[in-house]
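> Coordinates for the following, if possible.
(one chain, ligands or ions: 1)
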Amino acid sequence: MSTLTRSPAWQALSTHQPDMANRPLRTLFSEDPHRFDKFSLQFKDILLDYSKQPVDETTIRLLLALARQQNLADWMARMANGDKINSTENRAALHIALRANTPVFTDGVDVTQEVKRVLQQIERFTGKIHNSTHRGYSGLPITDVVNIGIGGSDLGPVMATEALKPYHVPQLQVHCVSNLDGAHLSSILQPLNPATTLFIIASKTFTTQETLTNAHSAREWFLASGGSEQDIAAHFVAVSTNRAAVSQFGIDPDNMFEFWDWVGGRYSLWSAIGLPIALAVGMDNFRLLLAGAQKMDEHFLTTPFEKNLPVMLGLIAVWQINFFHVTNQAILPYDQSMHRFPAYLQQLEMESCGKRVTRTGEAVDYSTGAVIWGEPGTNGQHAFYQLLHQGTQKFTADFLAPCQCQHSLPEHHPMLLANFFAQTEALMRGKNEQEVRAELINQNLSVEAIERLLPHRVFPGNRATTSILFKKLDPATLGMLIALYEHKVFVQSVIWEINPFDQWGVELGKQLAGKILAELAADKPVTGHDASTNNLIDFYRTQQ
Ligand SMILES: O=P(O)(O)OC[C@H]1O[C@](O)(CO)[C@@H](O)[C@@H]1O
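Numbering: from 1, shown residues only. Prediction:
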């Protein structure tokens with residue numbers, strides 16, 4: 001057994017878990033009319049309701065004791081102080097510095113000075129694109145921006161530009177290309193005019209195969225459809241930490257927006273990686289996004305744990321994952337503009353927490369991280385909620401929704417929210433045999449029909465969910481929500497004693513793909529792999 005699972009706080013939670021497992025959520029609500037007041041928190045315009053999770057006062061006391069035992073406050077301070085808590089890469093994890101309004105140091109240097117410099121560069125560039133001072137090679141204004149990046153260099157910009165659609169400037173379309181599959185880039189380029197298109201090549205390392213391949217193809221398309229080598233400067237900019245690789249690609253380093261190794265890819269939308277967001281919604285709104293995140297940082301770093309939204313969200317996740325063995329987490333935004341929010345959280349949570357050894361390299365004997373997935377409501381209701389209501393898989397779900405909508409059909413919004421409230425209530429309450437029987441009797445069915453239908457119509461309920469409501473999805477609120485989840489993930493990582501800031505697990509596949517690419521072009525059968533891989537490669541080659 002690991003020191004964590006043997007520890008007093010962990011053991012106390014293990015002992016307490018059967019008590020909670022034996023008390024259905026429905027009973028917890030009927031026993032305590034103050035349950036919502038006790039198990040919900042509000043910060044600014046965000047309401048976090050975890051009263052539909054299997055917790056009581058003892059659970060919260062024991063989870064808080066676990067957080068203290070794992071020195072959460074010290075780790076929070078270490079992150080904020082720029083300590084190199086990403087130990088396997090010997091780096092600080094200072095995404096909070098990207099939105100800070102006071103100095104933040106690492107290695108004795110106040111990094112916020114550099115952050116300000118790049119933000120000003122983004123502001124100047126965004127202004128020039130918006131007021132058409134920066135034009136394409138033929139003198140026409142830029143109408144389309146294509147961000148080429150993947151993972152953290154794509155998911156943040158895609159998610160945020162989609163979520164902030166109501167704030168878009170009218171004169172510019174922002175597109176994002178990530179997939180190595182040529183279908184992605186070619187379909188985006190097809191309707192575009194090279195003379196009015198700006199490419200952002202976004203890659204922290206500037207070595208990522210997908211991004212560099214797409215960037216080279218974009219450049220060829222540009223040169224083949226009207227642009228010349230001299231025009232590249234006006235149409236290609238880069239966002240990276242790797243100046244040398246950017247200039248080797250052929251982009252003038254003056255057209256590069258820098259960020260730093262202390263910004264993790266999945267924590268980078270606040271840096272120059274957010275350039276497409278600033279272009280889409282304007283610099284004032286981008287600054288509001290940063291300010292929202294800063295407010296959540298301040299809340300996280302200064303609020304007592306029991307009133308602290310990211311801390312409570314993280315501890316509830318630990319309670320579910322490690323003590324109820326629920327490793328399946330749905331993210332269900334009741335807001336179409338948040339349709340990429342589950343994908344964004346997938347990388348944030350799964351790349352951060354997908355670890356099997358502790359910071360010091362010992363194998364863990366407890367689950368770290370959950371499988372994250374989801375779709376916007378109400379689409380999900382007509383696809384996979386059947387399994388949520390009556391299936392056999394364990395899961396928990398975060399439901400998110402704005403109280404106010406920002407589109408031109410506001411009469412839909414009460415219906416959408418009625419579904420949100422109904423689903424979380426139905427998942428919690430269920431419908432027992434007695435209730436189903438009464439309903440069927442009312443329909444004047446025969447006794448035989450009632451007994452035959454009864455098992456199919458029962459909803460066991462007791463499915464735990466967390467609800468997150470906010471006033472409206474403006475840039476500041478989006479910033480707060482993203483930072484809420486960033487810090488939630490950090491809380492989990494501290495409890496689990498893992499490093500959430502590296503991602504060595506993505507390397508092996510990349511190494512093998514490099515070797516296999518050369519084999520695809522060879523003219524003799526492949527023998528160097530297992531029989532399955534050899535035959536898959538050979539089958540592919542016979543189909544060319
Ligand atoms: O920005 P880069 O260096 O191209 O990397 C893209 C993505 O690749 C990863 O390294 C692995 O998927 C992510 O962490 C990162 O966000």
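> so how far is the helix or strand V494 falls within from its chain's centroid?
V494 belongs to helix 475-496 when assigned by DSSP states H and E. Distance of helix 475-496 from its chain centroid, counting by Cα atoms, centre = their mean, to the nearest Å, is 9 Å.
> Could you chop this protein up by domain?
According to the TED database, the chain is divided into the following domains: 4-67+303-426+464-502, 114-287, 507-543.
> secondary structure element for the residue lying closest to M76 once chain neighbours are set aside?
Distance criterion Cβ to Cβ, 6 or more residues apart in numbering; nearest residue to M76, sequence neighbours excluded, is L301 at 5.9 Å. In short, each C-beta sits where N, CA and C put it, glycine included. For L301, the host element (DSSP H and E) is helix 283-302.
> which element follows that helix toward the C-terminus?
helix 309-318.
> hey, C-alpha coordinates of that following helix in PDB?
Provided in PDB are the C-alpha atoms of helix 309-318 (Å, rounded to 0.1, in the frame of the first residue of the first chain):
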ATOM      1  CA  LEU A 309     -14.600  26.600  -5.700                       C
ATOM      2  CA  PRO A 310     -11.600  24.900  -7.300                       C
ATOM      3  CA  VAL A 311     -10.600  23.200  -4.100                       C
ATOM      4  CA  MET A 312     -14.200  21.800  -3.500                       C
ATOM      5  CA  LEU A 313     -14.600  20.800  -7.100                       C
ATOM      6  CA  GLY A 314     -11.200  19.000  -7.000                       C
ATOM      7  CA  LEU A 315     -12.000  17.300  -3.700                       C
ATOM      8  CA  ILE A 316     -15.400  16.100  -4.900                       C
ATOM      9  CA  ALA A 317     -13.600  14.600  -8.000                       C
ATOM     10  CA  VAL A 318     -11.200  12.800  -5.700                       C
END
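> now the angle between helix 283-302 and it, please.
Angle of helix 309-318 versus helix 283-302, following axes from the mean of the first three to the mean of the last three Cα atoms, to 10 degrees, is 70 degrees.
> other SSEs contacting helix 309-318?
Packed against helix 309-318 by the contact rule (3 or more Cβ pairs under 8 Å, 6 or more residues apart in numbering; DSSP states H and E) you find strand 40-43, strand 46-49, helix 57-69, helix 283-302, helix 475-496.
> Swap in 7 Å and give it another go.
strand 40-43, strand 46-49, helix 57-69, helix 475-496 (3 or more Cβ pairs under 7 Å, 6 or more residues apart in numbering; DSSP states H and E).
> Show me the contact partners of that helix.
Outside helix 309-318, the residues within contact range by Cβ atoms under 7 Å, 6 or more residues apart in numbering are 41, 43, 46, 48, 50, 53, 63, 67, 299-300, 305, 370, 466, 484, 487-488, 491-492, 495.
> Show me what secondary structure element comes after that helix.
strand 328-333.
> how far does that next one sit from the chain's center?
Relative to its chain's centre, strand 328-333 lies at 11 Å (Cα atoms, centre = their mean).
> on that earlier part again, out of the domains of the chain, which is closest to the ligand?
Distance to the ligand, taken as Cβ to the nearest ligand atom, is lowest for domain 114-287 among these, at 2.6 Å.
> now check the closest one, is it near the ligand?
Yes. Counting by Cβ under 6 Å from any ligand atom, the ligand is contacted by domain 114-287 at 150-153, 203-205, 208, 211, 265-266.
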